[in-house]
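> Sequence and predicted model, in that order:
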Amino acid sequence: MSTYREIIGKKIKKVSSDPSSGTEGEMWYNSTTGTLRGPAIVEAWISGSPLTTAREGGGSLGTQTAALYVGGESPPVVNITEQYDGTGWSAGGNMNTQRYRSAGAGILTAGLIFGGYQGPPAPTGAKNSTESYNGTAWTSSPYNLNTARTNAGGAGTSTSALCFGGSTVIPGPGYYLNTTESFDGEGWTSENNLNTSRQGLVGAGASEPAVIAFGGYTSSPPTTETNATESWDGTNWTTVNNMNTGRYLLAGDGTQTAGLAAGGITGPGTYKNSTETWDGTDWTAAPNMATGRGLLGGGGTPTAFVVFGGASPLSAATEEFTSSTNAITAASWSAGGNSPTPISSTQGGGTQTAGLQMSGQPSGPGTAASTAVNEYDGSAWTAGGAIAPGAASYGGQASKNGSQTAMLYWKGHYGGNKTTVSSYDGSSWTAQPTFPNSNVYGGGCGTSTAALSAGGTPTATTDEGDGSYNWTTGGTLGSGGYNMAAAGPQTSAVVAGGSPPRTQKTEEYDGSSWTTKSDIIVLGPNTKDMGFGTNSDDMMIAGGPPNKTDAVKWDGTAWATQPSISTGRQGGAGFGTSSTSGVVAGGQSPFKTATEEFTGETSAINIKTFATS
């Protein structure tokens, strides 16, 4: 009998406690517990950040950390592109021809989309056009498919692709296609036919000579799904072992010897959540997705896959499948302790485990501004030192990147626009010299000794504070406005959103001037949003009117979607050290006490005890 060392190439170690990390195939004997332990594979789906636009039937390609979803029907039929980086979705370049149910091949920075159905209000009928993507923009190819088709399968690369099966849309001879075409970067060439004519199938393959085709349907109505799998060798298709569950309009990707199938539809409209993996010979059942759906997109490998969009109902959901020795916990919002009283038009600062919520509007119009200040310890709120009645306000600004024991609060509105400035030492507030202007509802950030005040109504002015509470004029915003989200230190800040004319604007500050960056996605007119983050390359915004649940993250280049908050709101407090560790609290409408905490995705080694006999 072979020994463990002969098989694996490593010996079993003796340790008194489990190591903090390990690799697949490594084992150890824990002398404290008397057990043989080691990393074990765990397979699971977790929730990812949603698409910005819910839709079905888009074209997809790429990997779990660099995927693309283009076109689709929301309705209407669209030409938009969204790109996934493993964390969230951001906007890509628009496709030249709007379409849905198209096929794809390649990777995010070198992709192809071909075929599809344009549908109303554009001219109807299957398309034969091809477009290529470079990670930024789409280019219409001069090379069209020989047979216009929709619901076809696609696989390979941008210069070695295969298109197979599909439909001509119009029922009649050839409605269900078995025709195959290959693409070499310089044109489409007709190849030998599939053995089973079908549409709604998908494929997997690293390049054109090595592809598998699986799933689809062969008649309508009634719709009859198939579990047929065929393997392409560059010349002919060969029927190989079937999937366990026949289905159509599913997601699939991988290579000829390592593929994955997920979701899809059976019969006249049963939406599946089942998953199967392919090892080159057989299909094996894997854990189910959380949400059954068809007409979805997907990409990746059997050990790292992502699916997105689809129906029914129309979906923006993203799910990630991982087969690894690491157990992955998805990024998410969780409920924190409720604040003592409902509050809105309030301000926050500090960290997720040592935060502040300051002043604000405690109920409807005309109510006196609250003097209450509350401290958060990561689970519960307690009363802090009250702010002076004369400094209490609606929509004040704060040095939100400061701390629970060193915070600045200034301006705001109640009984007129205020110019008050107050500093907090962890127990009490001290009045400081007044602010040089009364432009309220601006964006505030920085620290108590290096604060930043940007904009307000009706201005584009920036003011910088110092350790002596003196304020000097800084660079002018490119677009003035108010109710902006802000984060970062005085020399590396970002402000985003706000009331017109700002709406979806993003600007970064380097300590002297502002630079206009990419507009926010998803949130629409971004007034009274809750933001937090580290610097100009790291910010999260959640909520916004009217009671939105959307959350988006800024990385210095683009905005990407993040998991949604549970309680839609606007005008609450936001605080946290980074976009992966923050809090939102309070807000309206109606006035709320709800607190939610955000934690970024984490992973930990999955250690298992193995039997010794």
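Arrived safely, thanks for sending.
> Residue 59 and residue 167: what is the separation?
Plainly put, residue 59 is 15 Å away from residue 167 if you go by C-beta to C-beta, to the nearest Å. Backbone N, C-alpha and C define where each C-beta goes, glycine included.
> If we ignore the residues flanking it in sequence, what's nearest the residue most central in space within the chain?
Taking C-alpha atoms, centre = their mean, the centroid of the chain lies closest to residue 88, which sits 2.1 Å from it. Using C-beta to C-beta, 6 or more residues apart in numbering and skipping the chain neighbours, the partner closest in space to residue 88 is residue 560 (3.1 Å).
> Could you list every helix and strand in contact with the one helix or strand that neighbour maps to?
Using DSSP states H and E, residue 560 sits within strand 559-562. Here strand 559-562 touches strand 89-91, strand 551-554, going by 3 or more C-beta pairs under 8 Å, 6 or more residues apart in numbering; DSSP states H and E.
> Please work out which of those strands is packed deepest.
Most buried of those, by mean neighbour count (mean count of other C-beta atoms under 10 Å): strand 551-554, with a mean of 27.
> that older thread, quick one: closest of the helices and strands packed on strand 559-562 to residue 232.
Comparing these against residue 232 with C-beta to C-beta, the closest turns out to be strand 89-91 (31.9 Å).
> Work out the sheet partners of the closest one and label each with its direction, please.
Here strand 89-91 has these sheet partners by DSSP bridges: strand 81-84 (antiparallel).
> quick one: residue 219 and residue 176 touch, right?
Yes - taking contacts as C-beta atoms under 8 Å, residue 219 lies within contact range of residue 176: 7.5 Å.
> Which one of the two is surrounded by more residues?
Taking neighbours as other C-beta atoms under 10 Å, residue 219 and residue 176 compare with residue 176 leading, 21 against 13.
> number of nearby residues for residue 79?
The local packing of residue 79 (other C-beta under 10 Å) involves 18 other residues.
> Is it located within a strand, as I assumed?
No - counting by DSSP: H, G, I helix; E, B strand; the rest coil, residue 79 falls outside a strand, being coil.
> Please tell me the pLDDT value assigned to it.
Listed pLDDT for residue 79 reads 96.
> my guess is it contacts residue 98, does it?
Yes - contact status for residue 79 versus residue 98: in contact at 3.9 Å, counting by C-beta under 8 Å.
> between these two, what contacts are shared?
residue 71 (C-beta atoms under 8 Å, 6 or more residues apart in numbering).
> which residues of the stretch 251-400 of the chain score low on pLDDT?
By pLDDT under 70, the stretch 251-400 of the chain has no low-scoring segment.
> what's around the residue nearest to residue 591 when sequence neighbours are not counted, how many residues?
Using C-beta to C-beta, 6+ apart and skipping residues adjacent in sequence, the residue nearest residue 591 is residue 342, 3.6 Å away. Counted with other C-beta under 10 Å, the neighbours of residue 342 add up to 18.
> Return the residues in contact with residue 342.
362, 363, 586, 590, 591, 592, 593.
> go again using 10 Å as the cut-off
Neighbouring residues of residue 342 by C-beta atoms under 10 Å, 6 or more residues apart in numbering: 360, 361, 362, 363, 586, 587, 588, 590, 591, 592, 593, 594.
> mind checking how far it is from residue 429?
Distance from residue 342 to residue 429, by C-beta to C-beta: 22 Å.
> can I see the domain layout of the protein?
4-39, 44-328, 337-599 (automatic domain parsing).
> Give the residue spans of the protein that score low on pLDDT.
The chain contains residues with pLDDT under 70 at 1-10, 21-25, 121-124, 170-174, 523-527, 613.
> Okay, helices next: where are they in it?
4-8 (DSSP state H).
> and the closest residue to residue 477 other than its chain neighbours, how many neighbours does it have?
Setting aside the residues directly before and after it, residue 477 is nearest to residue 460 in space (C-beta to C-beta, 6+ apart), at 4.0 Å. Residue 460 has 20 neighbouring residues, counting by other C-beta under 10 Å.
> No further queries at this time; thank you.
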